[in-house]
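Trainee: Fold the stuff below for me.
(2 chains)
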Amino acid sequence: MLTNRRLQLPLFVLICILGMTCLVLSTRAGSTGERANPKLADGLAAWEQVYSVLVSPRCINCHTATDYPQQGDDRHRHFANIIRGREGRGVPALSCIGCHQEVNADSTGVPGGPDWHLAPLSMRWQDTNNRPLSSAAVCRSVTDQSKNENMDGRALLTHHQEAALVLWAWNPGRRPDGSMRNPPPISHEAFVAATRTWVEAGTPCPRAK
Amino acid sequence: MATYQLNVNGQTKKVDADPSTPLLWVLREELKMTGTKYGCGISACGACTVHLNGVATRSCIVPVSLIGNQKITTIEGIGSDPIGRAVQSAWVEKDVVQCGYCQSGQIMSAVALLKATTKPTDTNIEESMGGNLCRCATYVRIREAIKRAAEQLA
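Mentor: Numbering: from 1, shown residues only, chains lettered A, B, ... in the order given. Just a heads-up that it's a prediction; the model follows:
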């Protein structure tokens, strides 16, 4: 009985120490990562929505890693020997704006928007086999100011809200057969809202797998 | 139908046309300027090439409603441009033409190339002229003529 009482105190102290340790560790774990920053989790979820738009054909067809643009929902190579050219605007007698006017030409099925051109290679969102890059890779690219024409989060939001060729994706006009082109998977309003959430969370990127 | 005032080769031309009418057909059918040719109708062959504000443009797929104030230059007017004149001269000197159907477009593209690149390489020529098809395969003479024109203009 006496022995048991002697043991009770150290056992109690040990339990207290273990309890405190667990408490401290759990608090520290929560101070990093998503649990301590609910915005981070929201931001990462929002980024996935943004990514779903960026890799949709309306966007990624001009964010190629190759010497040519793509077209169509099947993202096939642009017809008629169209090539990127030095500045992503084609070559002198075969420039993007030689067919793509300032607005869609629905009667002939040629899409159009101001200064129609390819995104720079630094903003490629696919590999050289035309496979979309991972969410993490696209995110890293989009947030790298040395690659994205020096856009910070706020500028990226403005770009997604206002850039004419971004807006075109939700007004892509008719195909040559008269049917409507498909827009990205979410509305422009949802895209902007997702971008805002992502930017306000500090433009977090998912970890590369 | 709508009425359009088009600037064609420096002259104002008034045409009545459906807004969806491609520029090619306005030129050929309304203005009777038949130097610009119909080849494929889908911008794949380059036979219909004209310049819009100096940019080589496929007139078969640009509706007249989108032309606005842009300056249209066709094969009928390109000879008044020094580079255009040099290209036409080189075309004659090198006897480029076989059947000739695609050559209006070839010349318009060649002029656009030389306006941007004074001394084009074979690669420049192949890339820029890659959208102009020639069923007679006069490509070798086209390349020679472009280089000859570049020499004349140097």
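Trainee: When you work out contacts or count neighbours from here on, use the C-alpha atoms and nothing else.
Mentor: Will do.
Trainee: Residues of chain A that sit close to chain B?
Mentor: Counting by Cα under 8 Å from any Cα of the partner chain, chain A comes close to chain B at A:79-83, A:91-95, A:97-99, A:101, A:103, A:105, A:107-108, A:110.
Trainee: Now a PyMOL select for only the buried ones of those.
Mentor: To isolate the buried subset of the residues of chain A next to chain B in PyMOL, counting by 16 or more other Cα atoms under 10 Å in any protein chain shown, use the following:
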select buried, chain A and resi 80+81+82+83+91+92+93+94+95+97+98+99+101+103+105+107+108+110
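Trainee: what about the strands in chain B?
Mentor: B:2-8, B:11-17, B:49-52, B:55-58, B:71-73 (DSSP state E).
Trainee: Name the strands paired with the second one and say parallel or antiparallel.
Mentor: Partner strands and pairing direction for strand B:11-17 (DSSP bridges) are strand B:2-8 (antiparallel).
Trainee: can you check the fourth one too?
Mentor: Applying DSSP bridges to the sheet, strand B:55-58 is found paired with strand B:49-52 (antiparallel).
Trainee: Give me the residues contacting the strand it pairs with.
Mentor: B:36, B:56-59, B:70-75, B:104-106, B:108-109 (Cα atoms under 8 Å, 6 or more residues apart in numbering or on different chains).
Trainee: hmm, 6 Å instead?
Mentor: For strand B:49-52, contacts defined as Cα atoms under 6 Å, 6 or more residues apart in numbering or on different chains pick out B:56, B:57, B:58, B:59, B:70, B:71, B:72, B:73, B:74, B:105.
Trainee: same thing with stretch A:55-73?
Mentor: Contacts of stretch A:55-73 (Cα under 6 Å, 6+ apart): A:76-78, A:83-84, A:118-119, A:124-128, A:169, A:184.
Trainee: and these, which are buried?
Mentor: A:77, A:83, A:84, A:118, A:119, A:124, A:125, A:126, A:169, A:184.
Trainee: Now chain B against chain A: closest residue?
Mentor: Closest residue of chain B to chain A, Cα to the nearest Cα: residue B:57 (4.0 Å).
Trainee: Identify the residue spatially nearest to that residue, adjacent ones excluded.
Mentor: Residue nearest to residue B:57 in three dimensions, not counting chain neighbours: residue A:98, with 4.0 Å by Cα to Cα, 6 or more residues apart in numbering or on different chains.
Trainee: Go ahead and confirm that neighbour touches residue B:59.
Mentor: No - contact criterion Cα atoms under 6 Å: residue A:98 and residue B:59 do not qualify, at 8.9 Å.
Trainee: you'd agree the residue of chain B closest to chain A is up against residue A:97?
Mentor: No - taking contacts as Cα under 6 Å, residue B:57 lies outside contact range of residue A:97: 7.6 Å.
Trainee: Quick one: name the residues of chain B near chain A.
Mentor: Neighbours of chain A within chain B, by Cα under 6 Å from any Cα of the partner chain: B:20, B:44, B:56, B:57, B:58, B:61, B:109, B:112, B:113, B:128, B:130, B:131.
Trainee: and the two most separated of those?
Mentor: B:20 and B:113 (29.1 Å; Cα to Cα).
Trainee: Please say which of those two ends up with more neighbours.
Mentor: Per other Cα atoms under 10 Å in any protein chain shown, whichever of residue B:20 and residue B:113 has more neighbours is residue B:113, with 25 against 17.
Trainee: in chain A, what residue is nearest chain B?
Mentor: Closest point on chain A to chain B, by Cα to the nearest Cα, is residue A:98, at 4.0 Å.
Trainee: Just the pLDDT for that residue.
Mentor: pLDDT recorded at residue A:98 is 97.
Trainee: Residue A:38 too?
Mentor: The predicted local confidence for residue A:38 is 78.
Trainee: Kindly report the domain assignment for chain B.
Mentor: Using automatic domain parsing, the domains assigned to chain B come out as B:2-73, B:78-153.
Trainee: Let's have those domains in CSV, adding mean pLDDT.
Mentor: Output for the domains of chain B, formatted as CSV (pLDDT from 0 to 100):
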stretch, mean pLDDT
domain B:2-73, 98
domain B:78-153, 98
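Trainee: quick one: residue A:100 from residue A:149, how far?
Mentor: 24 Å (Cα to Cα, to the nearest Å).
Trainee: Tell me which of the two has more neighbours.
Mentor: The residue with more neighbours, out of residue A:100 and residue A:149, is residue A:100; 22 against 13, by other Cα under 10 Å.
Trainee: Can you pull the poorly scored residue ranges out of chain A?
Mentor: Within chain A, the stretches with pLDDT under 70 are A:1-36.
Trainee: Could you look up the SS state of the residue nearest to the spatial centre of chain A?
Mentor: Geometric centre of chain A, nearest residue: residue A:51, 3.4 Å, by Cα atoms, centre = their mean. Recorded secondary structure, residue A:51: helix (DSSP: H, G, I helix; E, B strand; the rest coil).
Trainee: Need the nearest residue in space to it, chain neighbours excluded.
Mentor: Closest to residue A:51 by Cα to Cα, 6+ apart is residue A:135, at 6.3 Å.
Trainee: Just confirm residue A:172 is within a helix.
Mentor: No - the assignment for residue A:172 is coil, going by three-state DSSP, so no helix is present there.
Trainee: just to revisit the earlier point, what number of residues lie near the residue nearest to residue A:51?
Mentor: 22.
Trainee: these two touch, right, residue B:53 and residue B:69?
Mentor: No - contact between residue B:53 and residue B:69 fails when scored by Cα under 6 Å: they sit 9.1 Å apart.
Trainee: In chain B, which residue is most central in space?
Mentor: Chain B, centroid-nearest residue using Cα atoms, centre = their mean: residue B:108 at 3.0 Å.
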